[in-house]
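Novice: Kindly return the folded structure for what I paste below:
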Amino acid sequence: MDDDLQPPEVEVNLAIHRPHSARIYDYFLGGTTNFAADREAAAHALAVIPWASAAARVNRAFMHRATRFLAESGVTQFLDIGTGIPTSPNLHEIAQRIDPAARVVYADNDPIVLAHAQALLHSTPEGRTAYVQADVHDPKALLDTVRETGVLDFDRPVALSLVALLHFVPDGAHEIAEVLKAALPAPGSALVISHFTPDFDPAVAGRIEEVYRAAENPVRARTRAEVDRFFDGWQLVEPGIVATAHWRPDPEVPGEPITPGQAFGYAAVAVRG
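Specialist: The predicted model follows:
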């Protein structure tokens, strides 16, 4: 089927003089879609946590494993919010390897992701993908925009991916998550989250928060109890909420040379009963 891109009337203002979390993450992953301001902010972060690039790869690998698990479990629709710069394999590539008919909608608020969104739209002929530029801080408007694409059928289960996103919502993140969760049909929908935490090293986590705040990308590290709240009312999949590297690790894929604590994140998948 035809792939879908945001309508061309959307104004693209890259604001490359200001760092953006998506482009900083792209830099950590070894990408090239980043600018001087992003690299400067990344350098400040690396001065605090030299293993930040490895931590980003650990987080990306969790997304791959979670997507593969859900697709193998029969989930055929995915909504990925906070997509970031396209880095292959993207979520739809993982899902469509298992089910070529899988459908995926990506959403991000960074205009540069829109500029590169064509990389997210190479769907299989049987499946379908779309990209929308939308801000998670207005979840109702985001959901309306996603529905307008017609790619996802909200009468059937949808997997919502909020990977490395909610810590960039310092206030109101739990309320936003509840709005998004309420839009997903039961039973069978799923929730995928990874989140920055202070639990492994509070002092370093505090310094990371300072770095991102100085870069005008404030983050809020949350404890395990706070992360657990995002899954209220849903059933956690084994092994529950664990360090990112510990969520169903793939024994055939070499791990990053960092400890789970150095990944500075929790990860979990839950399903709606």
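
Novice: only C-alpha atoms for contact and neighbour calcs from this point on.
Specialist: Fine.

Novice: and residue 63, what does it touch?
Specialist: Residue 63 is in contact with 91, 163, counting by CA atoms under 8 Å, 6 or more residues apart in numbering.

Novice: Okay, and it sits in which element?
Specialist: Using DSSP states H and E, residue 63 maps to helix 52-72.

Novice: Would you mind putting the CA coordinates of that helix into PDB?
Specialist: Taking Å, rounded to 0.1, in the frame of the first residue of the first chain, the C-alpha atoms of helix 52-72 are listed here in PDB:
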ATOM      1  CA  ALA A  52      26.500   7.600  26.900                       C
ATOM      2  CA  SER A  53      26.800   6.300  23.300                       C
ATOM      3  CA  ALA A  54      26.800   2.700  24.500                       C
ATOM      4  CA  ALA A  55      23.800   3.400  26.700                       C
ATOM      5  CA  ALA A  56      22.000   4.800  23.700                       C
ATOM      6  CA  ARG A  57      22.700   1.600  21.800                       C
ATOM      7  CA  VAL A  58      21.400  -0.500  24.700                       C
ATOM      8  CA  ASN A  59      18.200   1.500  24.600                       C
ATOM      9  CA  ARG A  60      17.900   1.100  20.900                       C
ATOM     10  CA  ALA A  61      18.400  -2.600  21.200                       C
ATOM     11  CA  PHE A  62      15.600  -2.800  23.800                       C
ATOM     12  CA  MET A  63      13.300  -1.200  21.300                       C
ATOM     13  CA  HIS A  64      14.300  -3.900  18.700                       C
ATOM     14  CA  ARG A  65      13.700  -6.700  21.200                       C
ATOM     15  CA  ALA A  66      10.400  -5.400  22.400                       C
ATOM     16  CA  THR A  67       9.100  -4.900  18.900                       C
ATOM     17  CA  ARG A  68      10.100  -8.300  17.900                       C
ATOM     18  CA  PHE A  69       8.500  -9.900  20.900                       C
ATOM     19  CA  LEU A  70       5.200  -8.100  20.300                       C
ATOM     20  CA  ALA A  71       5.200  -8.900  16.600                       C
ATOM     21  CA  GLU A  72       5.900 -12.500  17.300                       C
END
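
Novice: And that helix, what's buried?
Specialist: For helix 52-72, a neighbour-count test (16 or more other CA atoms under 10 Å) marks 52-71 as buried.

Novice: what's the answer for stretch 140-147, then?
Specialist: Residues of stretch 140-147 classed as buried: 142-143, 145-146 (neighbour count, 16+ other CA under 10 Å).
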